[in-house]
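can you look at this prediction? I've put the sequence above it.
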Amino acid sequence: MVQLIFRRFKSTSIIPPHVSSLKEIGRLQSAHPQAHPELFSAMKNFYKNVPKGPRPQTVATSFKDAYYERYLKKDSFVPVLHFLGVLIPTGYYLAYFKGGHYHPTTEFH
């Protein structure tokens, strides 16, 4: 699996490396692979190593990855509700218990 990911990101361009330079394009006077066997074998090896088909699906292994797959990737509104569901009780707790007017052993002033 790691080799497949590494192979996917190893190349930064889908243009074969030997064909991307003007000097190499000038060498191609014939359309037949027999004319330049070293060049065409390099191109065959390059395209043989390019991953084919859709990208393999990954399994979420952490809470953050599972949350991203379930809510954020689908453009859901639920993360806004989760944020408010955490923010409102936290704000109430901070204002009520840490706001300076509450003391557990004395009466309210």
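Received it, and whenever you're ready, just let me know what you need.

residue 59 is in what secondary structure piece?
Using DSSP states H and E, residue 59 sits in no helix or strand.

could you check how far it is from residue 73?
With the distance defined as C-beta to C-beta, to the nearest Å, residue 59 ends up 14 Å from residue 73. No exception for glycine: its C-beta is placed from N, CA and C like everyone else's.

quick one: the strands in this protein, in order.
Counting by DSSP state E, no segments of the chain form strands.

point out where it drops to low pLDDT.
1-36, 100-104, 106-109 (pLDDT under 70).

how about the helices of it, start to end?
For the chain, the helices defined by DSSP state H cover 2-10, 22-27, 37-49, 63-67, 78-97.

could I get the ones you listed as a markdown table with distance to residue 55 and mean neighbour count?
Below are these laid out as a markdown table (distance: least, C-beta to C-beta, whole Å; neighbours: other C-beta atoms under 10 Å):
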| stretch | distance to residue 55 | mean neighbour count |
| --- | --- | --- |
| helix 2-10 | 8 | 10 |
| helix 22-27 | 30 | 10 |
| helix 37-49 | 16 | 12 |
| helix 63-67 | 16 | 11 |
| helix 78-97 | 25 | 11 |
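
neighbours around residue 105, how many?
Residue 105 has 4 neighbours, counted by other C-beta atoms under 10 Å.

residue contacts, it?
Residue 105 sits next to no residue when contact means C-beta atoms under 8 Å, 6 or more residues apart in numbering.

gap between it and residue 95?
Applying C-beta to C-beta to residue 105 and residue 95 gives a distance of 20 Å.

also residue 67?
To residue 95, residue 67 is 28 Å away according to C-beta to C-beta.

then residue 83?
Distance of residue 83 to residue 95, given as C-beta to C-beta: 18 Å.
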